[in-house]
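Novice: Next come a sequence and a model predicted from it.
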Amino acid sequence: MTNPTILLTGATGYIASHTWLALQAAGFNVIGVDNFSNSSPEVLSRLERIGTLRPEFVQADVCDASALDAVFAGRRIAAVVHFAAHKAVGESTVRPLAYYANNLGSLLNVCQTMQRHCCKTLVFSSSATVYGKPERLPIREDAALATTSPYGATKLMGENILRDLEKADPTWAIGYLRYFNPVGAHESGLIGEDPRDTPNNLMPYVSQVAMGKRARLQIFGNDYDTPDGTGVRDYIHVLDLADGHVAALRYLLDGKGSITANLGRGRGHSVLELVRAFERASGCSVPFDIVSRRPGDIDACYADPTLARLALGWQGLRDLDAMCVDTWRWQRLNPNGMAG
Ligand code: WQD
């Protein structure tokens, strides 16, 4: 029997590129599609160096129906992992139409193309952002859903579209993976998060301050209802996240039905804890100022990861120190990201 072929959209992005390696290591054939709107072709040569196999890749926009049709034609694709999306929360409030058009347009096109080619197994990159301001911690999958940004709305609407699709045609098997805060990098230091502009997220910002690329970190508020007053989040190593996709695909391909799962560790860490862990990992200091809260931020957010452990046999094993060590290696070896 030949190994199943998995199509990754947004394949050269941060989470997808790590998942590509995990799938290869698990024996899947992988084909990637990306338009490089927020990633670099250099990722492909890095993947080849790490994984030894030349990655099979098509440069295309997944909003383009005929381009995606051409990818499916002549191949037996067993499942799709749909990563491709715009993902900056702040930008989504400035360019809502672009976010709705891209994130929902690509999802609709992916599903319609899959349907035409009788491929009905899909993993959807959702986000903890669908929980909005959680009423109870840790957050279980059956918690109330609400969003506070156009980006978050595209993820929740994406889930709703897929749930309607499953209702209409129960032969679909869909994995809704709600990521908490992905950080870290491959231990080779060859691939990692590669923000084009000023990072929006905490970990890449901290690593650029440690490197001396940026002068100081701004900590957005120290008056939250948390042990040290700074925001608490559930950071998850991208390599663990990648393994979560492999586990979800196995579950779906084994015919166990659809699943909605939190991919987090279930541990909350504050901004100050992360800064201290990064200083230990890098041996560099991370100077910071406490500034006012960032609009839309919440006190604390962390997962109840029980469902993923029981149903998928998956858990986030790498701790905050490992996340910082791996981020730092990637940052040090690639001071200017993939480009330099
Ligand atoms: C973490 C903590 C900040 C930057 C966002 C999206 C979410 C998901 C992950 C997408 C908070 C604080 C941050 C800084 C700081 N994305 N902070 N100074 O906001 O939990 O989640 O990214 O799929 O949808 O909303 O992550 O890394 O931005 O912030 O003090 O310069 O760090 O206030 O407490 P967040 P983050």
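Specialist: Looks like it arrived, so ask away.
Novice: ok, which stretches of the stretch 151-300 of the chain are helices?
Specialist: 202-211, 238-253, 271-282 (DSSP state H, counting those that start in this stretch).
Novice: Is it possible to get CSV of those helices that adds mean neighbour count, mean pLDDT and distance to the ligand?
Specialist: Backbone N, C-alpha and C define where each C-beta goes, glycine included. What follows is the helices of the stretch 151-300 of the chain, written out as CSV (neighbours: other CB atoms under 10 Å; pLDDT from 0 to 100; distance: least, CB to the nearest ligand atom, whole Å):
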stretch, mean neighbour count, mean pLDDT, distance to the ligand
helix 202-211, 22, 98, 4
helix 238-253, 23, 98, 11
helix 271-282, 19, 98, 5
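Novice: Out of the ones you listed, which gets nearest to Thr113?
Specialist: Ranking those by proximity to Thr113 (CB to CB) places helix 238-253 first, at 18.0 Å.
Novice: how many neighbours does whichever residue of the chain sits closest to the ligand have?
Specialist: In the chain, the residue that lies nearest the ligand is Gly231 (2.2 Å; CB to the nearest ligand atom). Residues near Gly231, counting by other CB atoms under 10 Å, number 25.
Novice: how close does Asp194 get to Leu21?
Specialist: 16 Å (CB to CB, to the nearest Å).
Novice: interface residues of the stretch 51-200 of the chain facing the ligand?
Specialist: 87, 89, 127, 129, 181, 200 (CB under 6 Å from any ligand atom).
Novice: List the residues that contact Glu187.
Specialist: Glu187 is in contact with 239, 326, 329, counting by CB atoms under 8 Å, 6 or more residues apart in numbering.
Novice: Work out for me the element the second one sits within.
Specialist: Under DSSP states H and E, the secondary-structure element containing Asp326 is helix 320-333.
Novice: Show me what that helix is packed against.
Specialist: helix 202-211, strand 235-237, helix 271-282 (3 or more CB pairs under 8 Å, 6 or more residues apart in numbering; DSSP states H and E).
Novice: so where's the protein shaky on pLDDT?
Specialist: Within the chain, the ranges that satisfy pLDDT under 70 run 1, 340.
Novice: Strands of that one, residue ranges please.
Specialist: Taking DSSP state E as the criterion, the chain contains strands spanning 5-9, 29-34, 56-59, 77-82, 121-127, 173-179, 181-183, 217-220, 232-233, 235-237, 259-263, 269-270, 288-291, 300-301.
Novice: do you know which of those strands lies nearest Arg136?
Specialist: strand 300-301 (11.0 Å).
Novice: Other residues contacting that closest one?
Specialist: Strand 300-301 is contacted by residues 128, 131, 134, 137, 139, 180, 224-226, 231-234, 268 when judged by CB under 8 Å, 6+ apart.
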